[in-house]
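Participant: compute the structure for the input listed below.
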Amino acid sequence: MNRIGIKDLEAKVDYLNRLTDSPLEPYTRDGDRFRSNPDHYQIGQAYGRVELQRIFNEVGAVSTPLNTGHIPKRALADILDAYIAGIVSAS
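Facilitator: Residues are numbered from 1 along each chain as shown. This next block holds a predicted model:
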């Protein structure tokens, strides 16, 4: 098994954003301020673990669509692959 790094997870999430026509960047510059892009998927990190997050408003609040909490990178990679496969098969 190959080691899963944050770059690997970010590549999967980038593909997920493209697949769902979600914004590719988490923030947009609005004059001298930044505004969050709702529906953008991203990786949240805490405690040496990761989770999938999705921005749901312009203030930057996030939801956790997989409801896994922070888990090891390998586990999130496997779950992301299944999540993406489900979206692909549904479309």
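
Participant: so for the chain, which residue is the most central one in space?
Facilitator: Centroid-nearest residue in the chain: residue 42, 2.8 Å away (criterion: C-alpha atoms, centre = their mean).

Participant: tell me the spacing between that one and residue 2.
Facilitator: Distance of residue 42 to residue 2, given as C-beta to C-beta, to the nearest Å: 23 Å. No exception for glycine: its C-beta is placed from N, CA and C like everyone else's.

Participant: ditto for residue 54
Facilitator: As for residue 54, its distance to residue 2 is 27 Å (criterion: C-beta to C-beta).

Participant: now do residue 65
Facilitator: In terms of C-beta to C-beta, residue 65 sits 25 Å off from residue 2.

Participant: looking at these two, which is more packed in?
Facilitator: Between residue 65 and residue 2, residue 65 has the larger neighbour count (other C-beta atoms under 10 Å), namely 14 against 7.

Participant: make sure the more buried one is actually in contact with residue 52.
Facilitator: Yes - if you go by C-beta atoms under 8 Å, residue 65 and residue 52 touch, sitting 6.1 Å apart.

Participant: for the helix or strand hosting the residue nearest to the centre of the chain, packing partners?
Facilitator: Per DSSP states H and E: residue 42 is located in strand 41-46. The contact analysis (3 or more C-beta pairs under 8 Å, 6 or more residues apart in numbering; DSSP states H and E) places strand 41-46 against helix 6-19, strand 49-55.

Participant: contacts for the shortest one?
Facilitator: I take that to be strand 49-55. Identification of contacts with strand 49-55 by C-beta atoms under 8 Å, 6 or more residues apart in numbering yields 6, 9, 13, 22, 26, 36-44, 61-66, 68-73, 76, 79-80, 83.

Participant: which regions of this structure sit below the pLDDT cut-off?
Facilitator: By pLDDT under 70, the weakly predicted segments of the chain are 1.
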